[in-house]
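> okay, here's the prediction I keep looking at, along with the sequence it came from:
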Amino acid sequence: MNGIESVLLDNSFCIRLLKKDADFHQNAVDYYEYFLENKIEMYLSTIVVSEYAVGDDPDYLRSLNSFRLLELDYEDAKCSGQFLAALRNQGKFGDFGDRKVVINDIKLFSQIHNRNIDAFITKDRKSSTKMIEPLSESCELSFEFIDLSIPLSDKLGRLF
């Protein structure tokens with residue numbers, strides 16, 4: 001994870017960080033501590049806050065006081081629409097009929113893209129092949145995908 005100075009946290013990371021009995025809880029704790037120790041700026045999107053709030057009080061996230069809050073702005077919204085259009089043009093995304101729905105993951109990717117965030121940590125591997133790889137090719141989306149299911153020691157290639 002050399003060269004990473006910033007990371008956007010997915011809801012799956014936040015849940016596992018704060019829920020001690022969740023699968024991959026220790027992985028989330030290890031990554032969180034690594035980010036803190038290495039002064040890697042952690043971004044928390046208001047989109048993730050809304051997702052987290054469905055199952056738990058997001059004030060628990062705020063109480064950690066270690067995230068930089070990131071709001072979806074006009075440029076992010078515009079970019080997310082362009083990302084969805086690109087995926088649809090590639091046949092990589094379903095059709096919602098007359099509804100123009102942009103899923104949250106695409107909005108998060110637009111925030112990463114527009115703010116030049118270096119990495120994204122999530123347990124959702126499907127998003128990599130379904131959305132990230134096609135967008136990397138067509139829209140120059142570029143960041144390191146950190147799979148939360150892989151322990152930090154394996155990711156770094158060292159023993160603790």
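Sure thing, it's come through. Computed from a predicted model, the values in this text were never measured in an experiment.
> all helices for this structure, in order.
Ranges of helices in the chain, per DSSP state H, are 11-18, 25-37, 46-53, 59-64, 74-89, 104-115, 126-127, 133-139, 152-156.
> buried sites along the fifth one?
Read it as helix 74-89. Across helix 74-89, burial judged by 16 or more other C-beta atoms under 10 Å covers 76, 79, 80, 82, 83, 84, 86, 87. Where C-beta positions appear, they are placed from N, C-alpha and C, glycine not excepted.
> equivalent analysis for the second one, please.
When neighbours are counted by 16+ other C-beta under 10 Å, the buried residues of helix 25-37 are found to be 27, 28, 30, 31, 32, 34, 35.
> cool, the third one as well?
If you call a residue buried by 16+ other C-beta under 10 Å, then helix 46-53 has these buried ones: 47, 48, 49, 51, 52.
> would you reformat the residues you listed as CSV and include distance to residue 138 and pLDDT?
Compiled in CSV, the buried residues of helix 46-53 are given as follows (distance: C-beta to C-beta, whole Å; pLDDT from 0 to 100):
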residue, distance to residue 138, pLDDT
47, 22, 97
48, 25, 97
49, 29, 97
51, 26, 95
52, 30, 96
